[in-house]
Structure formats: C-alpha cells, structure tokens
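Trainee: below are the sequence and a predicted model for it; my questions follow.
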Amino acid sequence: MRNSQFSTGARKQVSGAILLLIIIAFVAACLASYNNLFSHPARLYLHAERGGLQMFPDNRVLMRGMEIGKVASVARGANGNGVDIALNIDPARLRTVPENVHVSLEQLTAFGSKAAILTIPDGPPAPSIRPDTTLSVDRVTVEANSLFDKLQNVLVTAQPAKVNALLGGFADGLRGNGEKIGELVEVSDRYLGKVNNDLPQLRKDFDNGAKVLDLYAGVSPDLLRILGNVTVTSNTVVDRRDDLHDTLTTVARVANTGERFFASNGDDIISLARNLTPTTALLRKYSPELSCTLQGLDQANKGFLTSDGNTVPGVVSMTTFAPATEPYRYPQDLPNMNADFGPGCHGLPVLEGFKVPPSLNYEFNRSDQKRGTGKNTLELPRRPLVAQLFGGSAVSPRNGYQEQRQQEDARRERNSQGTGEGGR
C-alpha cells in the first residue's frame, strides 16, 4: 500500500514539473518571438547628419503608420561624420518599400523616443528596395531638450532683466498713445493694401530685373575686357601726358587762328557759297550722268582689251559726211546754249558707236526759237570757194561779202557809240 501511495505522489510531482517546464518554454517562446529570434530580418542602413538624443536601438520603424521593423544599432559615422543607423525590417514588409522612399527621424511625442518614418513619394510605383541598401535621411526633428537648450542660450544672451526693462519702457511709451497707434495702424493698412494691389506689377518688375541681371552677367566678360583696355589706355595717356599737353596747346592755337580767319573772311565765305549755289544746283541736276559716263568708259576700256589682257594699240575714229550749212556769221552765230532737255545717259554705258543716239540729234537754237532737228538737204554754201580755200582776204572787196562785213562792223560801232551816249 505504501508503494501504491508513493507511486501516486511521484506521478503528481513529475506531472507538476512537466507542466512547469511547459509554462517556462511557452514564456521563453513568446519572449523569443517578441525579440524576432525565430525570424531573419532584412537589414537597411541610414546615414544622417545627426540622430538626436532620443535615437536608440529597438526604436520603431514606421511606414504609413504601421510598424515594419526596429532600429538595430546607432553608431557615429566614419571619421566622426554624421550618424549611421541600421534598421531591421520584416522581410514580408520589405517588399512593400519602394527604392525611392523618403526617410525622416521624427519624435512622436514631446519626450518620447524617435522613430524612423518611411514615406512613399507621389507618382508611379517604383521597384522594391533591396536589402543592405543605404538611404539618406531627409529631415530630423528637434527634441524638446535641444529646444530648451537653445532657449536657455537665448535667455543667457538676451539677459531677461534688460529685456524686461526694455519691454517696460516700451509699454510706458505706448501708454496714452492708443489713438495715434490706431491711426498709424490704419495708415499702414492702407499702405499695405496699395502694396498688395501693386504686387503683380512688382513681381513683373522683379522678373524683368532678373532678365536684366542675366543680360549683365552675359556681357560682364566683355565689360571687364573693355575696362581692362581702358586701364591700358589711361596708363598710356598718363605716360604721354606731356605730348597730350603739347597737342592740346597746338589745337588751341589752330582754333584761335581759325577763329580769326573765319571772323575776317566769314562774309566772303558766305558770299562764295551763295554764288556757288547755282553751279552746285546744276551739278546736282546732271549728277546721274556721272555714273553712266564712268560705266561707259569702263565698257569702252574693256572693248580695247585683248584676250591676254593687253590694250589694243592705235586710235579708233568715226568720220562721216554731213549736209552743208550756212557759213559762220558774226555776231549772228555766236554760241548760245539752250540745252534744256535735262540729264540723260543717251545710251550709255552700252553704246555701239556706229550712229548718233536719237536723243542728241538736234541743234541748239536761241532762246526765242524752237528746238529743231536741222536741215538734212544738200545745199551749197553762199561763201565763194576762193574764200573757203584761202580765207576772206582773198576775195575782192567788190564781191559783196567784204562789203557786207564792213557794213556790219560800222553798224556795230554805231550801236556801241549810241549806248555810250545813252549812258552819259
């Protein structure tokens, strides 16, 4: 019976020990599962300029508000440059992380630890990120302790007692000036309203100013080159200042001489210019003939050139017979130019030379006669052949020709004497 009781007690103890071992194994399995001892997480690496005081291992890694991993380690970067952070990411969740993901280290509460926040950018989906990829941190939030530290530095620098005195004096200065301050605020509001209406034009002016600055930036090398050249020129002027002084002195003397010359001869120069006006007007009227004349000479010169470029020697002339005209009589046949047909090239620059241009086929008559083309009939001159061959002295005075000349000379002398008496 004792043996039966002993065996029953032993079985209870063994069963209790087994139950205790099962409980311990279950708790250990839960702890190992919580610490990811049964999984092999994927590793990502972050590099940031700073990590902050609240970045520790086992901090959470969040994407879209869900935890996808934890911080594995936080270490100082190589050569003390920034912070290197290793992340353990759930392999199943790593496939949802794109390769262009943005990373920021943000503090979710005022005094809590930081978390690595993964943000998926807008746009078309990108391929999944690969394990062991190093990402750059875009933004790191400021912790409360850093904020208080900076605030403390500000307060130490600003000296609150002096700030209090300044604010007290400012308050005393504002006391009793509420109406003026209100008017100032109202005027400022009007000014701000006007400035607000002018903002589009101001923006346009800024744009134009940017274009002008770009233009100046483009021409600045040339401008600097010009300034360099001006520097060389100015140095040359300084080196040759004595010569420049002599030159200016000479110019001043010439100017004084010119002043005296024009003062003495100014009226004569004006009269000369006034007298040259009809001549210059005539030259201006017939100036178109100059170009065609020069071109005609050039064409004629080309006609005298041989194939090897030499000029043909000799003289070329054109001789023809013309109908007989009346012999020359004085003073009836004195020259009287009435060429009023205006400028004309008369076939130049291309002129064959075999016939007279039709525009020149007329004679110049006196002003009281109409322009004609001359007589084209064959006539015998009234002058005797002997006079034509040997001159007027070979003709007898009785032939009438010499008598006619004498009568004309006497009549001309009487006319001249009558004119002299009338003048007296």
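Mentor: Great, that's in hand.

Trainee: can you give me the domain assignment for the chain?
Mentor: The record assigns the chain these domain ranges, following automatic domain parsing: 1-38, 40-141, 153-196, 289-312+329-373.

Trainee: out of the ones you listed, which is the most enclosed?
Mentor: With neighbours defined as mean count of other C-beta atoms under 10 Å, the domains of the chain peak in mean count at domain 40-141, which reaches a mean of 15. For every residue, glycine as well, the C-beta is placed using N, CA and C.

Trainee: distance from the chain centre to that domain, please.
Mentor: Relative to its chain's centre, domain 40-141 lies at 51 Å (C-alpha atoms, centre = their mean, to the nearest Å).

Trainee: avg pLDDT for it?
Mentor: Model confidence over domain 40-141, given as mean pLDDT, is 86.

Trainee: I'd like the numbering to begin with 34 instead of 1 from here.
Mentor: Got it, first residue is 34 now, which makes that one domain 73-174.

Trainee: let me have the domains of the chain in JSON lines, extended by distance to residue 266.
Mentor: Listed next are the domains of the chain as JSON lines, based on distance: least, C-beta to C-beta, whole Å:
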{"stretch": "domain 34-71", "distance to residue 266": "81"}
{"stretch": "domain 73-174", "distance to residue 266": "53"}
{"stretch": "domain 186-229", "distance to residue 266": "47"}
{"stretch": "domain 322-345+362-406", "distance to residue 266": "43"}
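
Trainee: any idea which of those gets closest to residue 315?
Mentor: Residue 315 sits nearest to domain 322-345+362-406 of all these, at 10.1 Å, using C-beta to C-beta.

Trainee: tell me the SS of residue 73?
Mentor: Three-state assignment for residue 73 (DSSP: H, G, I helix; E, B strand; the rest coil): coil.

Trainee: I'd guessed it sits against residue 124; true?
Mentor: Yes: Residue 73 is within contact range of residue 124, at 7.2 Å (criterion: C-beta atoms under 8 Å).

Trainee: just name the shakiest helix or strand of the chain by mean pLDDT.
Mentor: None of the helices or strands of the chain scores lower by mean pLDDT, DSSP states H and E than helix 418-423, at a mean of 58.

Trainee: backbone dihedrals for residue 136, please?
Mentor: phi -120, psi 140 (degrees, to the nearest 10).

Trainee: same check on the one 5 residues further on?
Mentor: When read as degrees, to the nearest 10, the backbone of residue 141 gives phi -70, psi -30.

Trainee: name the element the spatially closest residue to it that is not a sequence neighbour belongs to?
Mentor: Closest residue to residue 141 apart from its sequence neighbours, by C-beta to C-beta, 6 or more residues apart in numbering: residue 148 at 5.8 Å. Assessed by DSSP states H and E, residue 148 sits inside strand 147-152.

Trainee: neighbouring strands for that strand, and are they parallel or not?
Mentor: Applying DSSP bridges, strand 147-152 is found paired with strand 93-96 (parallel), strand 135-140 (antiparallel).

Trainee: run through who's touching the shortest one.
Mentor: The reference is to strand 93-96. Contact partners of strand 93-96, identified using C-beta atoms under 8 Å, 6 or more residues apart in numbering, comprise 100-104, 120-122, 126, 129-130, 134, 148-153.

Trainee: tell me what the helix or strand that that strand is followed by is packed against?
Mentor: Later in the chain than strand 93-96, the nearest helix or strand by DSSP H and E is strand 99-109. On a contact count with 3 or more C-beta pairs under 8 Å, 6 or more residues apart in numbering; DSSP states H and E, strand 99-109 meets strand 93-96, strand 116-122, helix 124-127.

Trainee: so for residue 194, which of the ones you listed sits nearest?
Mentor: Residue 194 lies closest, by C-beta to C-beta, to one member of those: strand 116-122, at 39.3 Å.

Trainee: tilt between that closest one and strand 135-140?
Mentor: 100 degrees (axes from the mean of the first three to the mean of the last three C-alpha atoms, to 10 degrees).

Trainee: how big is the angle separating strand 116-122 from strand 99-109?
Mentor: 150 degrees.

Trainee: now the helices: where do they sit in the stretch 234-383 of the chain?
Mentor: Taking DSSP state H, counting those that start in this stretch as the test, the helices found in the stretch 234-383 of the chain are 274-318, 321-336.

Trainee: noted, bye for now.
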